[in-house]
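**Student:** predicted model, plus sequence, below.
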Amino acid sequence: MSRPDLNLLLTLDVLLTEGNVARAARRLRLSPSAMSRALARLRETTGDPLLVRAGRGLVPTPRAQELRDPVSRLVQEAQAVLRPAELLDPSRLSRGFTLRVSDGFVEYFGPALIALAQREAPGVRLRFVPKPDKDSTPLRDGSADLETGVIGAASSPEIRTRALFRDRFIGVVRAGHPLAKGKVTAARYAAGQHVLVSRRGLDKGPIDEALHALGLAREITVIVAGFSDALALARASDLIASVPERHTTNLRAGMHSFALPVEAPGLTVSMLWHPRMDADPGHRWLRECVRQVCAA
């Protein structure tokens, strides 16, 4: 069975509204002959004359009268679908968003993001889930609307990204730790016992490379998957944790922080989303909220 030409719906709608080939042609900016050919195609497609001559004009057949209202509704709905999205009114938004966030994001940025969302869009529900890896599947399959984190070399090229802020690594120890007093030199820092954060279970990182360049090496006593775990261990022991400064602000409350005595590379925290959400008004609103909160 041949596929119908949906462009004929608009032509049929105008013809049934005008009841006149010449006037319908002017509305669609077609020549009368082109409109006559379109009417012939419509008659062939529907198997009905649709408009028949009566004196000097045309009158609709019963089939045409039957089609007038449903065709008009179909054309209006199609035009609404293809029309650019209207400006979003967040106060009328009723929707849930799932954010797959990096370690420490909820503790530091969550309260401000929730307050902003409730103020602008009280009908929105935010759901935070942990991000144990850099797999982009949750963004692709729609189980996550937005992610935050550091973009890795293995990140999918199709994923959209926007940088949120720069961060740097600092050292953190419990209050009363020997490193809480005096200048922290590279030698003092390396001499302690350390907790390393590595989601992949690696036993070395950029800080170790920086120490190696100075002829030093630190003792990695424990390896954990997240910054919150590292800080919890450091808070209750003499372990030294090295974590991003801004991301872990609230997690470090009551602890002693210090600048690393070596040149460690910084990191850029970004938000990530699937391109199908680019033009979605609600998603654009969410991205702007996250941007504002992280820029504050």
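**Tutor:** Done, it's in. Numbering: from 1, shown residues only.
**Student:** so what's Leu28 up against?
**Tutor:** Leu10, Thr11, Val14, Met35 (Cβ atoms under 8 Å, 6 or more residues apart in numbering). Glycine gets a C-beta too; all of them are placed from N, C-alpha and C.
**Student:** wait, which of those residues is closest to Ser94?
**Tutor:** Using Cβ to Cβ, Leu10 comes nearest to Ser94 of those, at 33.0 Å.
**Student:** in what helix or strand does the closest one lie?
**Tutor:** helix 7-18 (DSSP states H and E).
**Student:** follow the chain on from that helix and name the next helix or strand.
**Tutor:** Immediately after helix 7-18, counting by DSSP H and E, sits helix 21-27.
**Student:** for that following helix, packing partners?
**Tutor:** Applying 3 or more Cβ pairs under 8 Å, 6 or more residues apart in numbering; DSSP states H and E, we find helix 21-27 packed against helix 7-18, helix 32-46.
**Student:** angles on the backbone of the residue lying closest to Thr249 once chain neighbours are set aside, please.
**Tutor:** Counting by Cβ to Cβ, 6 or more residues apart in numbering, Thr249 lies nearest to Tyr108, which is 5.1 Å off, once chain neighbours are set aside. Tyr108 adopts backbone torsions of phi -90, psi -50, taken as degrees, to the nearest 10.
**Student:** thinking Tyr108 is in contact with Arg246, fair?
**Tutor:** Yes: between Tyr108 and Arg246 there is a contact under Cβ atoms under 8 Å: 7.1 Å.
**Student:** neighbour count winner among these two?
**Tutor:** Shown here are Tyr108 and Arg246; by other Cβ atoms under 10 Å, Tyr108 has more neighbours (18 against 15).
**Student:** how far away is the more buried one from Pro138?
**Tutor:** Separation of Tyr108 from Pro138 (Cβ to Cβ, to the nearest Å): 22 Å.
**Student:** cool, Arg188 as well?
**Tutor:** On the measure of Cβ to Cβ, Arg188 and Pro138 end up 42 Å apart.
**Student:** and if you look at Ala213?
**Tutor:** Applying Cβ to Cβ to Ala213 and Pro138 gives a distance of 38 Å.
**Student:** of those two, give the one with the bigger neighbour count.
**Tutor:** Pro138 (17 against 11).
**Student:** tell me, what's the model's pLDDT at Ala153?
**Tutor:** Note on Ala153: pLDDT of 54.
**Student:** equivalent analysis for the one 10 residues further on, please.
**Tutor:** The model reports Ala163 with a pLDDT of 94.
**Student:** show me the contact partners of the helix or strand that contains it.
**Tutor:** For Ala163, the host element (DSSP H and E) is strand 160-167. The contact list for strand 160-167 (Cβ under 8 Å, 6+ apart) reads 148, 151, 155, 244-247, 266-275, 277-278, 287, 290-291, 294-295.
**Student:** and the helix holding Leu10, what other elements does it pack with?
**Tutor:** Using 3+ Cβ pairs under 8 Å, 6+ apart, helix 7-18 is in contact with helix 21-27, helix 32-46, helix 62-82.
**Student:** closest to Pro132 out of these?
**Tutor:** Of these, nearest to Pro132 by Cβ to Cβ is helix 62-82, at 38.3 Å.
**Student:** quick check: what element follows the closest one along the chain?
**Tutor:** Counting by DSSP H and E, what follows helix 62-82 is strand 95-101.
**Student:** for the residue sitting furthest away from the middle of the chain, give its distance to Arg162.
**Tutor:** Distance from the C-alpha centroid of the chain peaks at Gly55, with 62.0 Å (Cα atoms, centre = their mean). Distance of Gly55 to Arg162, computed by Cβ to Cβ: 66 Å.
**Student:** again, but for Gly215
**Tutor:** Distance from Gly215 to Arg162, by Cβ to Cβ: 40 Å.
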